[in-house]
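J.: Below are the sequence and a predicted model; questions follow.
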Amino acid sequence: MKILSIQSAVAYGHVGNSAAVFPLQRIGVEVLPVYTVNFSNHTGYGAWRGPLIDPVDVAAVITGIEERGVFPQIDAVLSGYQGGVGIGDVIVDAVGRVKAANPDALYACDPVMGNAKSGCFVAPAIPELLRERVVPVADIITPNQFELGFLTGTEPDTLESTLDSVDAARAMGPRTILVTSVERPDREPETIEMLVADDSGAWIVQTPLLPMKANGSGDVTAALFTAHYVRTRDAADALARTASSVFDLLQRTFDSGERELQLVESQEAYAHPRLQFAVRQVR
């Protein structure tokens, strides 16, 4: 399997491609990483160094890959945080060219906009770009519950309203929706859930909620789910494997007391997920 992953990169820590590439490689995926920024560290520290990469240069790297004749072999395009409208245009253009070369290729978009605690933290033009131009061409999207509501103009909270919001998102174009950070009012205390829906049904999985914030965990989640889903087209199995791997990554990170994801130390959790959490069909 080959995945073209168009995301940010940091030298220290693990977000964007610096979070997604190694777990994908560890499960046997050939990753073609294309960088949209090259920062010293993620911006959550409040200070960082390094360049935003001009969309023209990002496009040039993608064209260079195309010129090697690789596009027919690409099984999926993956994108995450989009820092500007120009990068969005480059990604949409790349998706069109990959799909022209391989009609079976899927595009997985993590529509990064914000979260329930911080609100929307991207430039004002980004949500409109995602809603109007990017999400409609995606096959898979991986929003958190807040982003799902923001995309669809709804307020998902209960299981029923979240499923309704998922239906609204699927009506926009993508057929497979993975909703992360689902927090229902009636869930068991100190738990959190993920929900997936595609043409074959909908499933939910519940894991313990760890008292931590882990930058990059959403990037790992989107990457692993995309690879598992592309490989099997089995949404329930992809959800189970992803939830298992990401929880064990977060548990190891929490136990370490470190701020950054213990990405390398957790590699067996990607290669051999324990499948310790039951996936329940809800539709």
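T.: Sure, I can see it.
J.: those strands in the stretch 101-250 of the chain, which residues are they?
T.: 106-109, 114-115, 119-120, 140-141, 176-182, 191-198, 201-208 (DSSP state E, counting those that start in this stretch).
J.: pLDDT (mean, whole number) over the third one?
T.: Read that as strand 119-120. Throughout strand 119-120, pLDDT has a mean value of 75.
J.: Equivalent analysis for the first one, please.
T.: Averaging the model's pLDDT scores along strand 106-109 yields 98.
J.: what's the spacing between it and its chain's center?
T.: Mean-position distance between strand 106-109 and its chain equals 9 Å (Cα atoms, centre = their mean, to the nearest Å).
J.: Next: stretch 194-207.
T.: With Cα atoms, centre = their mean, you get 15 Å for stretch 194-207.
J.: Stretch 104-119 too?
T.: 6 Å.
J.: Just the terminal-to-terminal distance for that stretch.
T.: Start and end residues of stretch 104-119 are separated by 36 Å (Cα to Cα, to the nearest Å).
J.: Just the buried residues of that stretch, please?
T.: Buried positions in stretch 104-119, judged by neighbour count with 16 or more other Cβ atoms under 10 Å: 105, 106, 107, 108, 109, 110, 111, 112, 113, 114, 115. C-betas here are computed from N, CA, C, even on glycine.
J.: Export those residues to JSON lines and append columns for distance to residue 159.
T.: Output for the buried residues of stretch 104-119, formatted as JSON lines (distance: Cβ to Cβ, whole Å):
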{"residue": "105", "distance to residue 159": "32"}
{"residue": "106", "distance to residue 159": "27"}
{"residue": "107", "distance to residue 159": "28"}
{"residue": "108", "distance to residue 159": "24"}
{"residue": "109", "distance to residue 159": "24"}
{"residue": "110", "distance to residue 159": "22"}
{"residue": "111", "distance to residue 159": "21"}
{"residue": "112", "distance to residue 159": "24"}
{"residue": "113", "distance to residue 159": "22"}
{"residue": "114", "distance to residue 159": "22"}
{"residue": "115", "distance to residue 159": "20"}
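J.: Closest one of the residues you listed to residue 40?
T.: Nearest to residue 40 among these: residue 112, at 20.0 Å, using Cβ to Cβ.
J.: ok, back up a step: among the buried residues of stretch 104-119, which one lies nearest to residue 25?
T.: The closest of those to residue 25 turns out to be residue 108 (Cβ to Cβ; 16.8 Å).
J.: The closest one contacts residue 219, correct?
T.: No - counting by Cβ atoms under 8 Å, residue 108 does not reach residue 219; the two are 11.6 Å apart.
J.: Least reliable of the strands of the stretch 101-250 of the chain by average pLDDT, please.
T.: strand 119-120 (a mean of 75).
J.: Note down every partner strand of that strand and its orientation.
T.: Strand 119-120 pairs in its sheet with strand 114-115 (antiparallel), by DSSP bridges.
J.: Tell me which residues are up against the partner strand.
T.: Outside strand 114-115, the residues that touch it by Cβ atoms under 8 Å, 6 or more residues apart in numbering are 120, 121, 122, 144, 146, 147, 150, 181.
J.: Over to stretch 161-168?
T.: 145, 148-149, 152-156, 177, 179, 182, 184, 195, 197, 202, 282-283.
J.: Count the neighbours of residue 83 for me.
T.: Other residues near residue 83 come to 18 when the count uses other Cβ atoms under 10 Å.
J.: same question, residue 159
T.: 18.
J.: least trustworthy helix or strand in this structure by mean pLDDT?
T.: Across the helices and strands of the chain, mean confidence by mean pLDDT, DSSP states H and E is lowest for strand 119-120: a mean of 75.
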